[in-house]
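Engineer: got a predicted structure here, sequence first:
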Amino acid sequence: MLAVLAWIVPAQAQNLDVKKSVLPNGLTVLALEDHTFPSIALQITFKVGSRNERPGITGLSHMFEHMMFNGSAKFKPKQFDVLIESGGGYSNAYTTTDITAYHEEFSSGTLDTVLRLEADRMRSLKLDIQNLEQERSIVKEERRVNTDESVEAAMYETLWNNAFVAHPYRWLTIGFMVDLNAIRLEDAKDYFRIYYAPNNAVMSVVGDFKANELFARVREYFGSIPRQPSPRPVPNAEPPQRGEKRLQLYRVAELPAVMIGYKGIAFTQADEPALNILASILSRGESSRLYRDLVYEKQIAASVSASNDSRNDPGLFTFYAQARPGKTAEECEQAIYAVIDGIKKNGVTNREVEKSKNGIRAGYLNGFKTNMGRAGMLCDYEANWGKWTELRNYVPRHDKVTAADVKRVADRYFDTRKRTVVTLIPEKTDSRKAAKPQSKEFARSTNQ
């Protein structure tokens, strides 16, 4: 199986016959024909996320994720969904710290309609006080339910708020409630003009169409949208962390928990594949080191996880453990450190490394199964790396990782002086707030 995957995955990436066109206004378009089924996937990725915000307008990128579906000059509110769904399709969007993506999948005959819809909202999105206030209330409710009333999410927010002191990664994509209340219509208009311009966007289209016809339609519908000044670069002004930070979070909860974040790296850095494999060895599946030690053998944790959260700029390598009844967060924390120290001292096995690589290859290969999967990869690599062809290097970069590399990055990045720890202190109460049902607009969002 390993040999088969090692051959199939590079072949899938190398054989992509992608055609690229860049309009005079800067819009980049990637086209990949696949006539297997009469369907098409389209994604537009704007190179804007919460890292492009500033205090006072945090959460604005995510708010636009909602506002972009509320009408434009030629199309009334909600008509975007109606027209796509009438063609047998669907639409959605997501916001991260680094990008915002809008995507649709639909029948081949709906392509012209979708292009006209996308072009009109890029050119003339409906931005008025009614649209702003409607989505402000929805996003505030989303924050209340998914962050304020979620204990694990509150721990996650506390971790990032305190691990970073200067970089905009210190706030989540949902933003701070005080800023959601403070965003003005003028802020939204200025933000849209710069960050949702064609020269800050990448479009990928995959499926049943002819590339030359697609490019002609894109030039017709998008060509007259004016280019805007390039967005101001986001400086990585985060100072070095020179000591451990420890915080206690008091929340209504049944069980104690701990969340740990070590300063990490950007996804373009050379050590990123080794950190991904280390995260897999630590927490992927029931045979992983953390699960085997904390959950199965010591039986001190009900759940445990590890993740390498690398981004455009250096992020965090995070750990999370929830204690079992009768156990403490301190026991979980020390057990995590013991697992880390074991890797620093004795390394990992070749078998663990190969198992992790196999899972990475399989997950990567899974992205090629659908038009939407390929459209997303093409668009995101072009937006984040500057060229879609970098996706061809994903598996080879991980294949080069050795057991010695994994031990080396554990030694290098799990530095106690670059660690932030959040401990959950459970509190009891007689009353709980029930979560409200989600509206369609509320459920649309998926944030990182």
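Structural biologist: That came through fine.

Engineer: now do stretch 30-42, average pLDDT.
Structural biologist: Averaging pLDDT along stretch 30-42 gives 97.

Engineer: residues of that stretch that come out buried?
Structural biologist: 30, 31, 32, 33, 34, 39, 40, 41, 42 (16 or more other C-beta atoms under 10 Å). Quick note: C-beta positions are derived from backbone N, CA and C, even for glycine.

Engineer: what helix or strand does residue 358 sit in?
Structural biologist: helix 350-366 (DSSP states H and E).

Engineer: helices and strands around that helix, which ones?
Structural biologist: helix 2-14, helix 272-283, helix 394-399, helix 403-413 (3 or more C-beta pairs under 8 Å, 6 or more residues apart in numbering; DSSP states H and E).

Engineer: let me see the contact set for the closest residue in space to residue 424 that isn't next to it in sequence.
Structural biologist: Among residues not flanking residue 424 along the chain, residue 257 sits closest, at 4.2 Å (C-beta to C-beta, 6 or more residues apart in numbering). Residue 257 makes contact with 151, 152, 155, 320, 321, 322, 323, 329, 332, 423, 424 under the criterion C-beta atoms under 8 Å, 6 or more residues apart in numbering.

Engineer: if we use 7 Å, what do you get?
Structural biologist: When contacts are counted by C-beta atoms under 7 Å, 6 or more residues apart in numbering, residue 257 touches 155, 320, 321, 322, 323, 329, 424.

Engineer: okay, and the last one sits in which element?
Structural biologist: For residue 424, the host element (DSSP H and E) is strand 419-427.

Engineer: identify all contacting residues around that strand.
Structural biologist: Outside strand 419-427, the residues touching it (C-beta under 7 Å, 6+ apart) are 151, 155, 158-159, 162-163, 244-262, 329, 333.

Engineer: so what are the sheet partners of it and their directions?
Structural biologist: strand 245-252 (parallel), strand 257-263 (antiparallel) (DSSP bridges).

Engineer: how far off centre is it?
Structural biologist: 24 Å (C-alpha atoms, centre = their mean, to the nearest Å).

Engineer: alpha carbons of the strand or helix carrying residue 190, as CSV, please.
Structural biologist: For residue 190, the host element (DSSP H and E) is helix 185-195. Output of helix 185-195 as CSV, limited to C-alpha atoms (Å, rounded to 0.1, in the frame of the first residue of the first chain):
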residue,chain,number,x,y,z
LEU,A,185,-19.9,51.4,7.2
GLU,A,186,-16.9,53.5,6.1
ASP,A,187,-14.5,50.8,7.5
ALA,A,188,-16.3,48.2,5.5
LYS,A,189,-16.2,50.2,2.2
ASP,A,190,-12.5,51.0,2.5
TYR,A,191,-11.7,47.3,3.3
PHE,A,192,-13.7,46.0,0.4
ARG,A,193,-12.2,48.4,-2.1
ILE,A,194,-8.6,47.3,-1.3
TYR,A,195,-8.9,43.7,-0.3
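
Engineer: about what we covered before: so which of the strands paired with strand 419-427 comes closest to residue 24?
Structural biologist: strand 257-263 (41.8 Å; C-beta to C-beta).

Engineer: angle of the closest one against helix 272-283?
Structural biologist: Angle of strand 257-263 versus helix 272-283, following axes from the mean of the first three to the mean of the last three C-alpha atoms, to 10 degrees, is 160 degrees.

Engineer: circling back: please identify the buried residues of the helix holding residue 190?
Structural biologist: If you call a residue buried by 16+ other C-beta under 10 Å, then helix 185-195 has these buried ones: 187, 188, 191, 192, 194, 195.

Engineer: test my guess that the fourth one contacts residue 125.
Structural biologist: The one in question is residue 192. Yes: with contacts counted by C-beta atoms under 7 Å, residue 192 reaches residue 125, the gap being 6.2 Å.

Engineer: just how off-centre is stretch 297-314 within its chain?
Structural biologist: Distance, centroid of stretch 297-314 to centroid of chain: 16 Å (C-alpha atoms, centre = their mean).

Engineer: could you do stretch 316-324 as well?
Structural biologist: 19 Å.

Engineer: one more: stretch 38-50?
Structural biologist: Centre to centre, stretch against its chain (C-alpha atoms, centre = their mean), the figure for stretch 38-50 is 13 Å.

Engineer: which among the contacts of strand 419-427 end up buried?
Structural biologist: 151, 155, 158-159, 162-163, 245, 249, 251, 253, 255-262, 329, 333.

Engineer: circling back to that earlier point, quick one: which of the strands paired with strand 419-427 is nearest residue 204?
Structural biologist: strand 257-263 (32.6 Å).

Engineer: what residues sit buried inside the strand holding residue 424?
Structural biologist: 419, 420, 421, 422, 423, 424, 426.

Engineer: and stretch 113-120, by the same measure?
Structural biologist: Buried residues in stretch 113-120 (16+ other C-beta under 10 Å): 114, 115, 116, 117, 118, 119, 120.

Engineer: okay, domains of the chain per the record?
Structural biologist: Listed by automatic domain parsing, the domain ranges of the chain are 17-235, 245-427.

Engineer: tell me what the helix or strand containing residue 218 is packed against?
Structural biologist: Residue 218 is part of helix 211-222 when elements are defined by DSSP H and E. On a contact count with 3 or more C-beta pairs under 7 Å, 6 or more residues apart in numbering; DSSP states H and E, helix 211-222 meets strand 28-33, helix 111-124.

Engineer: contacts for it next, please.
Structural biologist: Residues contacting helix 211-222 (C-beta under 7 Å, 6+ apart): 19, 21, 23, 27, 29, 31, 33, 112, 115-116, 119, 122, 198, 205.

Engineer: now do it, average pLDDT.
Structural biologist: Helix 211-222 comes out at a mean pLDDT of 98.

Engineer: next one: it to chain centre, how far?
Structural biologist: So, by C-alpha atoms, centre = their mean, the centroid of helix 211-222 is 29 Å from its chain's centroid.

Engineer: picking that back up, ok, which of the helices and strands packed on helix 211-222 comes nearest residue 281?
Structural biologist: Short answer: strand 28-33, nearest of those by C-beta to C-beta, at 34.0 Å.

Engineer: quick check: buried residues in stretch 405-417?
Structural biologist: 405, 406, 407, 408, 409, 410, 413, 414.

Engineer: from residue 275, how far off is the first one?
Structural biologist: In this structure, residue 405 and residue 275 are 10 Å apart, going by C-beta to C-beta, to the nearest Å.

Engineer: again with the fourth one
Structural biologist: Counting by C-beta to C-beta, the gap between residue 408 and residue 275 amounts to 11 Å.

Engineer: so who does residue 389 touch?
Structural biologist: Contacts for residue 389 (C-beta under 7 Å, 6+ apart) come out as none.
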